[in-house]
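Trainee: Pasting a predicted model and its sequence here:
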Amino acid sequence: MKQYLIWLTALVAIVIVNFGLIPFLPPYYYSILIYSGVNIILAVSLNLVNGFTGQFSIGHAGFMSVGAYLSAYISIMITKDNPDLLANPVTANLIFLVSLIAGGAGSAIIGYFVGLPSLRLRGDYLAIVTLGFGEIIRVMILNIDAIGGARGFTGIPLLSNFLWVYIAVLFTLFFIWRLVNSAHGRTYLSVREDEIAAQSMGVNTTNAKVQAFVIGAFFAGIAGGLFAHFLLYLNPQTFDFNRSFEIIIMVVLGGAGSISGSVVAAIILTVIREALRPIQEITRIDFRMSIYSLFLIILMLNRPNGLFGTKEIFNFMSSKMRRLFLGKEDTAT
Amino acid sequence: MKKISIYLVSMIFALGLSACKKTTPENVITIGEVGAMTGPTATFGISTHNGIMLAIEEINEAGGVKGKKLNLISLDDQGKPDEAAMVTTKLITQDKVVAILGEVASSVSLAMAPIAQQYKVPMITPSSTNPDVTKKGDHIFRVCFIDPFQGSVMAKFAHETLKAKSVAILRDIKNDYSMGLSNFFVDKFNSLGGKIAVEQSYSAGDIDFKSQLTSIRAKKPDAIYVPGYYTDVGLIARQARELGITVPLMGGDGWDSPKLKEIGGTAVNGSYFSNHYSAENQDPKVQEFLAKYKAKYGSTPDALAAMGYDAARVLAEAMERAPSLASNDLRDAIAATKDFSGVTGNITIDQDRNAVKAAVVLKVTDDGFKYQSTVNP
């Protein structure tokens, strides 16, 4: 029971921060906070596929866009004729919940259909297939007029807020943490370590890969929905392969196979882009992206396996802290 | 090595954080600019930025606005809507700008407009031509004409000057700008009694256009309307000439770049496009702007630079007229802009907060873009 304590504490902390701190936070820092949260969900869910299952996917922005567009479309459809529903916080949040889950589910279904045939491929080949998938989704969205096509999708109601985003972050962390530490999740790890050995031990490797892919897609869809209802405007070019690469960078930088690594990397990479802005204001020349890239190079030279490697943040802490995090079942991962 | 890099990383952060704590002097009016200084649309962003900077310097040399100097904070959005939204929030809430200039691309301005509107900070986009941008709220303005007008201008031009009976359309399906222009071209051209021979599409970044061009050639149109961006148009022109298509190509302001000639070579000669301004216009105002711009940056300003220049000057003029710089006073002053004599024509802001002004049609020749005619609204 003790192991759930840390999650409950985190939940309480989020609620307290939401009511105690957020109303006083300047909107700019608030946006950074929201984007960080969305990026954490994306990085952690991609880590399940890339880090834990060892399948190199570059189509995560595609899944994010499916979730973003689907959830935005649903919430617009529901509220278009009944704007009163948005005025009432209960129905507004209910609509958001429905549209988020629908977005995640839609993304998961597409993940299943993409994953089933393509996950028989390995390494570079799979990477190319997922890259192609991401582009297919983007071009399809460009051609659907009902969601704005190339003009972009406007008129999305503002439903995302700190509470929603960070409860989703917590849920993602909880789900994926429990998953990879369960017997079921171990099969994913076995696929990463040695597919042939896993197969000979009776692991259905295709099944494991598709499952990881579908779960990853689901959370990417949720992140997309949260993003759409915060930015209030979607444009297909937001979800091109550069976006996928940004998420991959977060996973690699944090350490493929480390959940806390992905969280830290997602926060660092979201914050550093904004933290570097003043340099541009002072020098009047845009060094920002060069410094950002330099930062990545320096980090990768010093920590080639990412910030945390395959370890988690509490592996670097004292054993007392570790026990606090893990409860009684302290296993050296 | 390790230590050095740790120092480097922490220095970067320290620099970033220390710079957050700066104060704005009292006798300065801060304006924000959002533009793509890096990324795929960087040439547009930089041209616009140059134009705005030139205007700000001029205004400051002449004593500023209401006795205060203008201070421009320009931030990069990489041409991404989500970054632009973040940057706009920063400019308004952190830097407390009184007004925002930007963005060039409509798809980015659409993400910025709701934020500017939410905080009631006037925003003037120099060159976002999508009609939806200014519909986002009563604080959003533009100093350019809107897509329908450019499409209609070329339809009018094709019908009256080129005497074209049938026109083929080749549009960039990924691009809302291209889609908007061609839709309005089709409407206007049909209403003038012309015939659309065939509609074909491509996606920005394509290299081979031969299959679309072959099907266009089969219909024997009198002209082809290609409202895309210069990189694609250059290639399309080359391949069209290779296939023996000799009819003129027509386009919009997305053609306006010296790169069009670099990519298209002689193939683009004899084509026409609508634009916001022409460097050949003998109006002394335009010539003065040209001379100043050349002296400062060493190149001929394109339309985007001229639009940026006008946007900044419309804003400054409105600030001077406004009783105070509070958001509603400034908003009303900008909305009341009438016959402002800018380098891109006389600008009047209409009740939909769009600029009403004439468009020019330019012809591509060996010696650059030649002024052809002016088409009034």
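Mentor: Ah, there it is.

Trainee: Helices of chain B, start to end?
Mentor: Here chain B has its helices, by DSSP state H, at B:2-20, B:42-61, B:81-93, B:106-118, B:147-160, B:176-191, B:210-219, B:230-242, B:259-264, B:284-297, B:303-321, B:327-335.

Trainee: The ones you listed: lowest mean pLDDT?
Mentor: Within these, confidence is poorest for helix B:2-20, with a mean of 56 (mean pLDDT).

Trainee: Okay, the most centrally placed residue in chain B and chain A: tell me how far apart.
Mentor: Centroid check for chain B by C-alpha atoms, centre = their mean gives B:Ser127 as the closest residue, at 3.0 Å. Separation of B:Ser127 from chain A (C-beta to the nearest C-beta, to the nearest Å): 17 Å. C-betas here are computed from N, CA, C, even on glycine.

Trainee: Quick check: the residue of the stretch 201-350 of chain B nearest chain A.
Mentor: Closest to chain A within the stretch 201-350 of chain B is B:Ser203: 7.1 Å, counting by C-beta to the nearest C-beta.

Trainee: Would you agree that residue is in contact with B:Leu170?
Mentor: No - using C-beta atoms under 8 Å, B:Ser203 is not in contact with B:Leu170, being 11.8 Å away.

Trainee: which of these two has more neighbours?
Mentor: B:Leu170 (27 against 14; other C-beta atoms under 10 Å in any protein chain shown).

Trainee: got the contact list for that one?
Mentor: When contacts are counted by C-beta atoms under 8 Å, 6 or more residues apart in numbering or on different chains, B:Leu170 touches B:200-202, B:209, B:212-213, B:216, B:224-226, B:228, B:236.

Trainee: wait, which of the residues you listed is closest to B:Leu181?
Mentor: Ranked by distance to B:Leu181 (C-beta to C-beta), those are led by B:Tyr225 at 8.1 Å.

Trainee: what is that closest one paired to in the beta sheet?
Mentor: B:Ile169, B:Met250 (DSSP bridges).

Trainee: That one against B:Ala168, yeah?
Mentor: Yes - under the criterion of C-beta under 8 Å, B:Tyr225 makes contact with B:Ala168 at 7.2 Å.

Trainee: lowest-confidence helix or strand of chain A?
Mentor: Every helix and strand in chain A was compared by mean pLDDT, DSSP states H and E; the lowest is helix A:319-326, with a mean of 69.

Trainee: coming back round to it: is it possible to export the helices of chain B to CSV including mean neighbour count?
Mentor: As requested, the helices of chain B are exported to CSV (neighbours: other C-beta atoms under 10 Å in any protein chain shown):
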stretch, mean neighbour count
helix B:2-20, 13
helix B:42-61, 22
helix B:81-93, 25
helix B:106-118, 26
helix B:147-160, 23
helix B:176-191, 22
helix B:210-219, 16
helix B:230-242, 21
helix B:259-264, 18
helix B:284-297, 15
helix B:303-321, 26
helix B:327-335, 19
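
Trainee: for those helices, which one sits closest to A:Gly115?
Mentor: Among the helices of chain B, helix B:81-93 comes nearest to A:Gly115, with 27.1 Å by C-beta to C-beta.

Trainee: relative to helix B:106-118, how tilted is the closest one?
Mentor: Inter-element angle recorded for helix B:81-93 and helix B:106-118: 30 degrees (by axes from the mean of the first three to the mean of the last three C-alpha atoms, to 10 degrees).

Trainee: Name the residues that touch helix B:81-93?
Mentor: A:26-28, A:31-32, A:35, A:152, A:227, A:231, A:233, A:235, A:237-238, A:274, A:277, B:32, B:34, B:73, B:75-77, B:97, B:100, B:102-103, B:107-112, B:115-116, B:119, B:121.

Trainee: Would you write a ChimeraX line that selects the buried entries of those?
Mentor: Selection command for ChimeraX covering only the buried members of the contacts of helix B:81-93, criterion 16 or more other C-beta atoms under 10 Å in any protein chain shown:
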select /A:28,31,32,35,152,227,231,233,235,237,238,274,277 /B:32,34,73,75,76,77,97,100,102,103,107,108,109,110,111,112,115,116,119,121
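
Trainee: Now, the contacts of helix B:81-93 that are in strands?
Mentor: Counting by DSSP state E, the part of these found in strands is B:32, B:34, B:73, B:75-76, B:100.

Trainee: contacts with chain A among these, please.
Mentor: Restricting these to those near chain A by C-beta under 8 Å from any C-beta of the partner chain leaves B:73, B:75-76.

Trainee: okay if I get those residues as CSV plus pLDDT and distance to B:Gly265?
Mentor: Formatted as CSV, these follow (pLDDT from 0 to 100; distance: C-beta to C-beta, whole Å):
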residue, pLDDT, distance to B:Gly265
B:Ile73, 90, 41
B:Leu75, 89, 37
B:Asp76, 88, 33
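
Trainee: What is whichever strand or helix holds A:Gly221 packed up against?
Mentor: Using DSSP states H and E, A:Gly221 falls within helix A:205-231. On a contact count with 3 or more C-beta pairs under 8 Å, 6 or more residues apart in numbering or on different chains; DSSP states H and E, helix A:205-231 meets helix A:27-47, helix A:60-80, helix A:89-118, helix A:162-180, helix A:183-193, helix A:195-200, helix B:81-93.

Trainee: next one: the fourth one to chain centre, how far?
Mentor: Relative to its chain's centre, helix A:162-180 lies at 10 Å (C-alpha atoms, centre = their mean, to the nearest Å).

Trainee: How about it and chain B, any contact?
Mentor: No - on the criterion C-beta under 8 Å from any C-beta, helix A:162-180 is out of touch with chain B, staying 14.4 Å away.

Trainee: What are the contacting residues of that helix?
Mentor: So helix A:162-180 is contacted by A:7, A:10-11, A:14-15, A:17-18, A:22, A:30, A:33-34, A:37-38, A:40-41, A:44-45, A:47-48, A:52, A:93, A:96, A:100, A:185-186, A:188-189, A:215, A:219, A:222-223, A:226, A:230, A:259, A:263 (C-beta under 8 Å, 6+ apart).

Trainee: Identify, from the ones in strands among the contacts of helix B:81-93, the entry nearest to A:Ile298.
Mentor: Nearest member of the ones in strands among the contacts of helix B:81-93 to A:Ile298, counting by C-beta to C-beta, is B:Asp76, at 21.8 Å.

Trainee: List the residues that contact the closest one.
Mentor: B:Asp76 touches A:280, A:286, A:288-289, B:35-38, B:45, B:83, B:87, counting by C-beta under 8 Å, 6+ apart.

Trainee: Also A:Ser258?
Mentor: A:47, A:51, A:306-312 are the contacts of A:Ser258 under C-beta under 8 Å, 6+ apart.

Trainee: A:Thr79: how many residues sit nearby?
Mentor: As a burial measure, A:Thr79 scores 20 neighbours (other C-beta under 10 Å).

Trainee: I'd like the distance between it and chain B.
Mentor: A:Thr79 is 16 Å from chain B, by C-beta to the nearest C-beta.

Trainee: Check A:Tyr4 too.
Mentor: Applying C-beta to the nearest C-beta, the value for A:Tyr4 to chain B is 35 Å.

Trainee: mind listing what B:Ser128 touches?
Mentor: Counted by C-beta under 8 Å, 6+ apart, B:Ser128 has contacts B:103-106, B:108-110, B:142, B:144.

Trainee: for A:Gly155, that is, sorry about that
Mentor: Counted by C-beta under 8 Å, 6+ apart, A:Gly155 has contacts A:76, A:232.

Trainee: That one - that's part of a strand, no?
Mentor: No - under DSSP: H, G, I helix; E, B strand; the rest coil, A:Gly155 falls outside any strand and is assigned coil.
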